[in-house]
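**Student:** After the sequence you'll find the predicted model.
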Amino acid sequence: MWKKYQTYIIFTILVLLMLGGVLFWNKIIDKNEDNKSNDETIDVSDANNVSYVDAELGEDLRITQGYLLNYTTRKSSIWYMSNGYVNKVTKKKDETTIILSNNKDSKTYIEANIDSSKCSIKKGDTVNFVGTINLSNYSIDLANISTDEITYSSKQDISFEDLEKNINLLKSTHFVVSGYIVNDNNEYKLYDSKDEVSKDKILNYFVVNFKDNEESINNEDIKIRCLLSDTYELRECERQK
């Protein structure tokens, strides 16, 4: 009888040891994954996929200069189609500014701008619109806005809520960017690498505006934490270790 109980006890102990070992190794793996995510920049295997970066917006996003530049140039050229409610219309001679919201009772809004000659809508209208995101002021540069259906090629359909959320995340996300910085007559330019500086390319760099005066930066590899100021410009940058 004792041998029978002894077998059960040994078996139980072995099972508990195995379970403990599995839990221990899972903890180590999770810790390693956390450290890995903190150290590495974003995977650049799909550098042309804007939605990949969009999905990562929110908390600090580690990224290379080349990837971020690719993202901003492509992001600013996407035509988004959506619909919303017109809260306010301010017409000037050449340009009309429109305040759009999800519905009449919504407390949040998106600002949009369009050539006055293309604008025939009024306050209170429910409209369809298509335009690109302006990264300098996070408004929408409209190609068309109408109470009727809009036919537009090469556009991306998006709900008003998702468009508004995406714009707010673009506005608030800090990008931790690694690259090579050049001091060009006290104007800082961030390239992807030192080799890119000498290449005859148009706008292959970001203009960097630091949050505080940075007098010790010359031409060097660097990592900086910034907000987007425009397609080719970064603002409120801080040097990172």
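**Tutor:** Perfect, thanks for sending it.
**Student:** Helix or strand with the lowest mean pLDDT in the protein?
**Tutor:** The weakest-scoring helix or strand in the chain, judged by mean pLDDT, DSSP states H and E, is helix 2-39 (a mean of 53).
**Student:** Quick check: next helix or strand after that helix?
**Tutor:** helix 50-54 (DSSP states H and E).
**Student:** And the helix or strand hosting Tyr85, what's buried?
**Tutor:** Taking DSSP H and E as the criterion, Tyr85 maps to strand 79-91. For strand 79-91, a neighbour-count test (16 or more other CB atoms under 10 Å) marks 80-87 as buried. C-beta: built from backbone N, CA, C; applies to glycine.
**Student:** same question, stretch 151-166
**Tutor:** Buried-residue list, stretch 151-166, by 16+ other CB under 10 Å: 155, 158, 160, 163-166.
**Student:** which two from the residues you listed end up farthest apart in space?
**Tutor:** Lys155 and Lys165 (18.7 Å; CB to CB).
**Student:** Could you work out the end-to-end span of stretch 122-131 for me?
**Tutor:** Distance across stretch 122-131, first residue to last, is 18 Å (CA to CA, to the nearest Å).
**Student:** what about that stretch, average pLDDT?
**Tutor:** Averaged across stretch 122-131, pLDDT comes to 96.
**Student:** neighbouring contacts of it?
**Tutor:** 79-89, 100, 104, 112, 114, 121, 140-150, 152, 155 (CB atoms under 8 Å, 6 or more residues apart in numbering).
**Student:** Parallel or antiparallel, which strands does the strand holding Tyr85 pair with?
**Tutor:** For strand 79-91, the paired strands and their directions (DSSP bridges) read strand 95-101 (antiparallel), strand 126-134 (antiparallel), strand 155-157 (parallel).
**Student:** and of those, who's closest to Asn213?
**Tutor:** strand 126-134 (28.7 Å).
**Student:** Off-centre distance for the next helix or strand after that closest one?
**Tutor:** Under the assignment DSSP H and E, the closest C-terminal helix or strand after strand 126-134 is strand 139-146. Distance of strand 139-146 from the chain centroid (CA atoms, centre = their mean, to the nearest Å) equals 21 Å.
**Student:** Equivalent analysis for stretch 204-223, please.
**Tutor:** 21 Å.
**Student:** same thing with stretch 54-63?
**Tutor:** Worked out by CA atoms, centre = their mean, stretch 54-63 lies 6 Å from the chain centre.
**Student:** so how far does it reach from one end to the other?
**Tutor:** 13 Å.
**Student:** Quick one: mean pLDDT over it.
**Tutor:** 93.
**Student:** Same question for stretch 138-152.
**Tutor:** On average, stretch 138-152 scores 94.
**Student:** before we move on, what about stretch 202-214?
**Tutor:** 89.
**Student:** buried set for it?
**Tutor:** Buried residues in stretch 202-214, counted by 16+ other CB under 10 Å: 204-208, 210, 214.
**Student:** Quick check: the farthest pair among those residues?
**Tutor:** Across the buried residues of stretch 202-214 (CB to CB), the longest gap, 21.8 Å, separates Asn204 and Glu214.
**Student:** Looking at the strands paired with strand 79-91, which is nearest to Asn49?
**Tutor:** That would be strand 155-157 among the strands paired with strand 79-91, by CB to CB, at 12.7 Å.
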